[in-house]
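J.: Here's my sequence, what's the structure:
(chains A and B)
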Amino acid sequence: MTALSYLVIIFGYLALLLFIFGIIYRAWRWNRLPQGFSWGLFPKPTRWVVTSMLWKILAWPTLFKADRLLWAGALFFHLGLLVLFAGHLGSFIDIASLGERIGIPSESSYVIGITAGTIVAITILFYISRRLFIRRSSEISVFADHFWLWVLLVVVLVGIYSRVFHEVSSDAVRDFALSVVAFNPALPPQNFWFLMHVLLSEFFIIYAVIGKPIHLVGQLFTQYILVSEEGS
Amino acid sequence: MKTDTENQADSQAKAVEEYEKTLERWFGEATKEDVQKVIDKLGEWEKLPYSKLVKLNLDLCSNCGACADECHIYKTLPRKEFNPVYRVKLLRSVYQKYFTWVGKVFGRFAGARKLDKELLKEWFVRFYQCNMCRRCNIFCPFGVDNMAIVRTGRLLINDVMGKTTEDMGRGVRYHLRDGNASEMSEAAFRNIVSFWEDEIKEVKGWDVKVPIDVVGAEMFLIPPNTDYFHSLETMEGIAATLYAANVSWTMSSKIFDSVNYGTFFNDEAWASIITQHIEEAKRLKCKTLVVGECGHATKSLMFLGPSLLGEFPFEVKNILQVTADLIQHDRIKLNKEANPETVTYHDPCNVTRMCGIMEEPRIILRAACMDFREMTPNRDRNYCCGGGGGVVLETASHDFRMEVTGKLKAEQMQRTGAKIVVTSCANCKVEISHLIDQYKLDMKWAGVHDMVLNALEL
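T.: Model prediction:
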């Protein structure tokens, strides 16, 4: 268990470093490349340009027209991820009392977490089945496209399993997380499933920076090119 | 006995196969040195003036395939090779192999692929089958632009090996040599212009004199060369409109062709041809350079040119904008009854998606025709006619265009029940005229200004 604990700590720092500097590096690289041509796509918004860009980035209105099932799957997937992300902030801050202030009783965090995790797992299975059975997607999918979906599925399933059958107290998790952030790492809670969940998540975060999951950041650049009047 | 569907599948397969063989023949054989040079060039691709978009496209496309069903080619013939993502992957796999550590370490698992002679040949075939219409770009949630990928692939091959498709390559050579893509002499130009004048006299009874080389005229008109031969009524309509509105305008006896096939595959040729247009506009001291009914030339001169060569000392407009403005300011009088038949409009991709000229042709057609009805989908959601990206310029692509790239457009035109399909791009006109013949559609084709010519009154 101790070896696994050390791996969790080492990979934790690595993931944090790569995530922060990786995103900055990739955004910096995209930004410094020339886009001398005005390569817009009409109709372009004449007012509310930023709102229009954000609408495209966050709500994917054209995907809604092209493939409603994919749009719905992607919506549930991302909303589920957002809820999970918010819930995991509880590892660093006292999110339960924050939730109670806006009317979410702390006892419901279990149900919310498990529900969001299940939704994310189901939508990942939906993504995987598209890549396996929908011709226009399966014929162009490569190993890497499947790989990150499977990794994320395992992360989520292990997370659900550890929460349901091997729950670790939120105080113990927070103590560990804060010690890591303070660069004075304590030994994490000694629970195999919890440690596996954390380690796999760290692995996924590292992959997210070099792989496709970084599209949220990249989209800011593409959507800007499409609405801008001049080269950028 | 084969069913109609089976016969159609056979003829589509044959058309694809034959055009692919032709493309392969035009490509010839690459050498090992060619392959290496393309890899080297790809390594320097960050110098491309639009490398930001290309890099983002390569990095962001998640192979979801949402664009595939929005591509008129894939919709007609759902083969892997016609999937827009497949084309992105052709370039990305090679880029990954040589220029990303993920591709170097994980190879095929990461989708990376070694470039060899055969793959380079496939690049040529696939990149020249695409119509570069950017419809897939609209529907991609990440904003991935297949046209930027296709153009980059074409450009790399052309830079290293000098290869492009036959007629398009010839057009560029002529343009750089003569100032127009169809080897037209000044004498021929003057003859055709004089023929327009005679025709206008015969049809309208007006003594229109087309101004040539008038320094200081407000507008300098450059139509596409195809309209000189294939769509004379369009040119007569434009001349008659400007005459009726008493506009100060001119044409040039030296630079009278707006087309710029460099747009489709070569930055240097592209810039040289734009420079010809700019220099002539400067010489004539015009206030506005007006592009005739031509999609890619409008895009080149209106948007890409200024960002490539700096701001022009004059404004660039498309003739549709000029005529719509004349109508809105009551400077010309149109009699709808001269065009009683049902008319529909095909939105050219370059005019619409890439230049935003969507309402102007509708203003004109509603003013000039009794019964105008929309095609579905229309405006920025339109389907390409099947000739875009320079594909229509190749005589050898005829069957491929008729059986595959243009089929959806033919069905769309037929569904309108219109008697006349109007469009505002010379290449679309050629493609649509072929589709009408091929599918024996009970309709005619025309340019926007053909309808204006009929309806125009003094």
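J.: Show me what secondary structure element comes after the longest helix along chain B.
T.: Secondary structure of chain B per DSSP state H: the longest helix is helix B:4-27. With elements assigned by DSSP states H and E, the helix or strand that comes after helix B:4-27 is helix B:32-43.
J.: Could I get the average pLDDT for the next helix or strand after that next one?
T.: Using DSSP H and E, the helix or strand that follows helix B:32-43 towards the C-terminus is helix B:51-60. Throughout helix B:51-60, pLDDT has a mean value of 89.
J.: got the buried residues for the helix or strand of chain B with the lowest mean pLDDT?
T.: Within chain B, confidence by mean pLDDT, DSSP states H and E is lowest for helix B:305-309 among all helices and strands, at a mean of 81. Neighbour counts over helix B:305-309 (16 or more other CB atoms under 10 Å in any protein chain shown) mark B:305, B:306, B:307, B:308 as buried. C-beta here means a position set from N, CA and C on the backbone, and glycine is covered the same way.
J.: For those, please prepare a markdown table with the additional fields distance to chain A.
T.: Formatted as a markdown table, the buried residues of helix B:305-309 follow (distance: CB to the nearest CB, whole Å):
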| residue | distance to chain A |
| --- | --- |
| B:305 | 9 |
| B:306 | 7 |
| B:307 | 4 |
| B:308 | 7 |
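J.: which regions of the stretch 51-200 of chain B lie under the pLDDT threshold?
T.: Within the stretch 51-200 of chain B, no stretch has pLDDT under 70.
J.: Please, where are all the helices along it?
T.: Under the criterion DSSP state H, counting those that start in this stretch, helices of the stretch 51-200 of chain B are mapped to B:51-60, B:72-76, B:84-99, B:101-106, B:117-127, B:135-139, B:146-161, B:166-178, B:186-204.
J.: Could you check how far the helix or strand bottoming out on mean pLDDT in chain A is from the centre of its chain?
T.: Taking mean pLDDT, DSSP H and E as the measure, helix A:95-101 is the helix or strand of chain A with the lowest mean score, a mean of 77. Chain-centre distance of helix A:95-101: 23 Å, with CA atoms, centre = their mean, to the nearest Å.
J.: And for the spatially closest residue to residue A:40 that is not a sequence neighbour, the neighbour number?
T.: Closest residue to residue A:40 apart from its sequence neighbours, by CB to CB, 6 or more residues apart in numbering or on different chains: residue A:226 at 5.8 Å. By the measure other CB atoms under 10 Å in any protein chain shown, the count of residues near residue A:226 is 20.
J.: contacting residues around residue A:226?
T.: A:39, A:40, A:41, A:44, B:137, B:143 (CB atoms under 8 Å, 6 or more residues apart in numbering or on different chains).
J.: please redo it, this time with the cut-off set to 7 Å
T.: Residue A:226 is in contact with A:40, A:41, B:143, counting by CB atoms under 7 Å, 6 or more residues apart in numbering or on different chains.
J.: mind checking which helix or strand it is in?
T.: If you go by DSSP H and E, residue A:226 is part of helix A:215-227.
J.: now that helix against helix B:51-60, angle please.
T.: Counting by axes from the mean of the first three to the mean of the last three CA atoms, to 10 degrees, helix A:215-227 lies at 140 degrees to helix B:51-60.
J.: mind exporting helix A:215-227 as CSV, just the C-alpha atoms?
T.: What follows is helix A:215-227, C-alpha atoms only, in CSV (Å, rounded to 0.1, in the frame of the first residue of the first chain):
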residue,chain,number,x,y,z
HIS,A,215,-10.3,20.8,-26.9
LEU,A,216,-12.1,23.2,-24.5
VAL,A,217,-9.0,25.5,-24.6
GLY,A,218,-8.3,25.0,-28.4
GLN,A,219,-11.9,25.9,-29.3
LEU,A,220,-11.4,29.4,-28.0
PHE,A,221,-8.8,29.9,-30.8
THR,A,222,-10.8,28.2,-33.6
GLN,A,223,-14.0,30.0,-32.8
TYR,A,224,-12.1,33.3,-32.6
ILE,A,225,-10.7,32.7,-36.1
LEU,A,226,-14.1,31.9,-37.4
VAL,A,227,-15.7,35.1,-36.1
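J.: now it: mean pLDDT?
T.: Mean predicted lDDT for helix A:215-227 stands at 87.
J.: what about chain A, any weak spots by pLDDT?
T.: A:1, A:229-232.
J.: all helices of it, in order?
T.: A:2-32, A:49-59, A:61-66, A:68-88, A:95-101, A:108-133, A:135-138, A:143-165, A:170-181, A:192-210, A:215-227.
J.: Would you check how far apart residue A:150 and residue A:8 are?
T.: Using CB to CB, to the nearest Å, residue A:150 is found at 21 Å from residue A:8.
J.: the more surrounded of the two?
T.: Between residue A:150 and residue A:8, counted using other CB under 10 Å, residue A:8 has the larger neighbour count: 22 against 11.
J.: From residue B:33, how far out is the residue of the stretch 351-458 of chain B found nearest chain A?
T.: As assessed by CB to the nearest CB, chain A sits closest to residue B:356 within the stretch 351-458 of chain B, at 3.4 Å. Look at residue B:356 and residue B:33: by CB to CB, they are 44 Å apart.
J.: With residue B:450 instead?
T.: 51 Å.
J.: Please name every helix or strand in contact with the least confident helix or strand of chain B.
T.: helix B:267-283 (3 or more CB pairs under 7 Å, 6 or more residues apart in numbering or on different chains; DSSP states H and E).
J.: who are the neighbours of the helix it packs on, in terms of helices and strands?
T.: Using 3+ CB pairs under 7 Å, 6+ apart: helix B:267-283 touches helix B:166-178, helix B:305-309.
J.: residues in contact with residue B:456?
T.: Residue B:456 touches B:240, B:241, B:244, B:332, B:334, counting by CB under 7 Å, 6+ apart.
J.: hey, what's it bridged with?
T.: Going by DSSP bridges, residue B:456 is paired in beta bridges with residue B:334.
J.: Distance check, residue A:122 against residue B:168.
T.: Distance of residue A:122 to residue B:168, computed by CB to CB: 50 Å.
J.: and residue A:31, how many residues sit next to it?
T.: Residue A:31 has 12 neighbouring residues, counting by other CB under 10 Å.
J.: I meant to write residue B:206 there.
T.: Residues lying near residue B:206 (other CB under 10 Å) number 15.
J.: Tell me who's in contact with the residue nearest to it when sequence neighbours are not counted.
T.: Excluding its sequence neighbours, the residue lying closest to residue B:206 (CB to CB, 6+ apart) is residue B:200, at 5.7 Å. Listed by CB under 7 Å, 6+ apart, the contact set of residue B:200 reads B:206, B:208, B:236, B:239, B:240.
J.: Tell me how far residue B:200 lies from residue B:237.
T.: Remark: distance between residue B:200 and residue B:237 (CB to CB) = 9 Å.
J.: Would you mind listing what in the stretch 101-250 of chain B touches chain A?
T.: B:102, B:109, B:110, B:111, B:134, B:137, B:138, B:139, B:141, B:142, B:143 (CB under 7 Å from any CB of the partner chain).
J.: So how do I select the buried members of these in PyMOL?
T.: Command for PyMOL that selects the buried part of those, burial taken from 16+ other CB under 10 Å:
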select buried, chain B and resi 102+110+111+134+137+138+139+141+142+143
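J.: Let me have the residues of the stretch 101-250 of chain B next to chain A in CSV, extended by distance to residue B:44.
T.: Listed next are those as CSV, based on distance: CB to CB, whole Å:
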residue, distance to residue B:44
B:102, 21
B:109, 27
B:110, 22
B:111, 22
B:134, 26
B:137, 25
B:138, 31
B:139, 32
B:141, 31
B:142, 25
B:143, 25
